[in-house]
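Undergrad: with the sequence up front, the predicted model follows.
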Amino acid sequence: MARIGVAVSGGPNPSEIVDCVKLAESLGYESAWVAEGHGGDQFAVLAACATQTSRIKLGTSITSVFVRTAPTIAMAAGTIDDLSDGRFILGLGSSHKVQVEPEHGVPYTKPLTRVRDTVAIVRALLRDGEVDYDGEAIRIENFDLWFRPHRGDMPIYISALFPKMIRLCGEVSDGVILTRSTLDTAASIRPLIAEGASQAGRDPAKIDVTSLLPMAVADTLDAARDIMRPGVAFYAGFFPRYNRLIAEYGFPGEAAAIAKAWADGDRTGAARLVSDALVDATGIVGTPDDCRARIAEYRESGLDLPIISPFARGPGAKELFEAAIRACAPD
């Protein structure tokens, strides 16, 4: 069966996310991932998922290394792995300065180093149950986990957009979580993964290359594109790093125009500036047949695990997520 995952961020309420994950398991999805940022607490939601499913892998996409401490991440990850009988994947990331500082009141410094330190601390706690760590970004004195983790080698994936973090994935992680990839992304990052793996004496072929792929399904391609435009505008308008990514994909003019409209407070205008080409290049849109064909293209491009990330907000979000999950279910 072809590998496929589903990611849930925003939209459905916590109990509805559990229902969506149960549906995904029944349809043969390999994994389900829950975001952090707003909405229900990701680890609480995943705990509920763990007790109501039996086969599907459960992951975070992602857990921020700034808004949670490394020991609390290890505690939560070990808890979900125990409740799920070893089905958990910890997805870590640095998040974004525009979220971390104003929304959480936490200084955003040395993101790459903080990710590296967090991975080291979490691995030590899961393996040994305790840690003393004196890193460049994090210092931990004599923390004891107080319970025996289900696995000492729980897989840890890292979210990455640009070369330095991608190299770090090759060096210390079990997988990379891309976001808004094009059909060229998976192949283009593999040399960077190999560079990082080489530094640590690791096999780059063992690094799982995954991507969150924004997705909208509708009766027509045009209708699906219209569903996606506000989400693309938000990412390109609000997050400087996603704006840079979109520009590097070959849409510099659009990226600049969307950012200006967003900064001016014109959310509707920003969405109107999102072209069909930009929507098509960075996600999965269309009828169910269109979506399945696009997922196949991502697999053929070298992506190990496509993770659909349906876009839905407000009333009816659960139904839209369920429709997307059904539309992209593996054969």
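TA: Sure, I can see it.
Undergrad: quick one, what contacts Cys49?
TA: Shown in contact with Cys49 (Cβ atoms under 8 Å, 6 or more residues apart in numbering): 17-18, 21-22, 32, 34, 56, 58, 84. C-beta coordinates here come from the backbone N, C-alpha and C atoms, glycine included.
Undergrad: part of a helix, is it?
TA: Yes - counting by DSSP: H, G, I helix; E, B strand; the rest coil, Cys49 is located in a helix.
Undergrad: could you measure the nearest residue in space to it that is not next to it in sequence against Thr63, distance?
TA: Leaving aside its sequence neighbours, Cys49 sits nearest to Val21 (Cβ to Cβ, 6 or more residues apart in numbering; 4.6 Å). Val21 is 17 Å from Thr63, where distance means Cβ to Cβ, to the nearest Å.
Undergrad: repeat for Pro315
TA: Counting by Cβ to Cβ, the gap from Pro315 to Thr63 is 28 Å.
Undergrad: what does Ala194 give?
TA: In this view, Ala194 and Thr63 are 26 Å apart by Cβ to Cβ.
Undergrad: more neighbours, the two?
TA: Thr63 (25 against 17; other Cβ atoms under 10 Å).
Undergrad: in the sheet, who's paired with the more buried one?
TA: Beta-bridge partners recorded for Thr63 (DSSP bridges): Leu92.
Undergrad: make residue 1 into 24 and carry on from there
TA: Understood, numbering begins at 24; the last thing we discussed is Thr86.
Undergrad: list the contacts of it.
TA: Contact analysis of Thr86 by Cβ under 8 Å, 6+ apart lists 59, 65, 96, 99-100, 113-116.
Undergrad: switch those over to CSV; also include distance to Gln222 and pLDDT.
TA: Putting those into CSV (distance: Cβ to Cβ, whole Å; pLDDT from 0 to 100) gives the following:
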residue, distance to Gln222, pLDDT
Glu59, 29, 90
Gln65, 31, 97
Ile96, 24, 99
Ala99, 29, 98
Ala100, 25, 99
Leu113, 22, 99
Gly114, 22, 99
Leu115, 19, 99
Gly116, 21, 98
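Undergrad: and which of these is nearest Tyr156?
TA: If you rank these by distance to Tyr156 using Cβ to Cβ, Ile96 comes first, at 13.2 Å.
Undergrad: shaky segments in the stretch 124-273 of the chain?
TA: Along the stretch 124-273 of the chain, the model assigns pLDDT under 70 to no residue.
Undergrad: just the strands in it please.
TA: Along the stretch 124-273 of the chain, the stretches classed as strands by DSSP state E, counting those that start in this stretch are 153-157, 162-167, 179-182, 198-202, 231-240.
Undergrad: quick revisit: narrow the contacts of Cys72 to those in strands?
TA: 55, 57, 81 (DSSP state E).
Undergrad: circling back to that earlier point, tell me which of the strands of the stretch 124-273 of the chain sits nearest to Gly325.
TA: Nearest to Gly325, of all the strands of the stretch 124-273 of the chain, is strand 231-240, at 7.0 Å by Cβ to Cβ.
Undergrad: what about Lys229, how many residues close to it?
TA: Lys229: 10 neighbours (other Cβ under 10 Å).
Undergrad: ok, now which ones touch it?
TA: By Cβ under 8 Å, 6+ apart, the neighbours of Lys229 are Asp197.
Undergrad: then the one 4 residues further on?
TA: With contacts defined as Cβ under 8 Å, 6+ apart, Thr233 is in contact with 28, 180, 198-201, 326-330.
Undergrad: taking those residues, please make a ChimeraX selection of just the buried ones.
TA: In ChimeraX, this line selects whichever of the contacts of Thr233 come out buried by 16 or more other Cβ atoms under 10 Å:
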select :28,180,198,199,200,201,326,328,329,330
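Undergrad: can you map out the helices along the protein?
TA: 37-49, 65-75, 93-106, 120-127, 134-151, 186-195, 208-223, 244-261, 263-271, 275-286, 290-295, 299-304, 311-323, 340-350 (DSSP state H).
Undergrad: in a markdown table: those, plus distance to Trp169.
TA: Converted to a markdown table, those look like this (distance: least, Cβ to Cβ, whole Å):
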| stretch | distance to Trp169 |
| --- | --- |
| helix 37-49 | 27 |
| helix 65-75 | 17 |
| helix 93-106 | 9 |
| helix 120-127 | 26 |
| helix 134-151 | 10 |
| helix 186-195 | 25 |
| helix 208-223 | 30 |
| helix 244-261 | 39 |
| helix 263-271 | 37 |
| helix 275-286 | 46 |
| helix 290-295 | 47 |
| helix 299-304 | 48 |
| helix 311-323 | 42 |
| helix 340-350 | 36 |
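Undergrad: nearest to Arg171, of those?
TA: For these, the distance to Arg171 is smallest for helix 93-106, at 8.7 Å, taking Cβ to Cβ.
Undergrad: could you check the angle helix 65-75 makes with that closest one?
TA: Here the directions of helix 93-106 and helix 65-75 differ by 10 degrees (axes from the mean of the first three to the mean of the last three Cα atoms, to 10 degrees).
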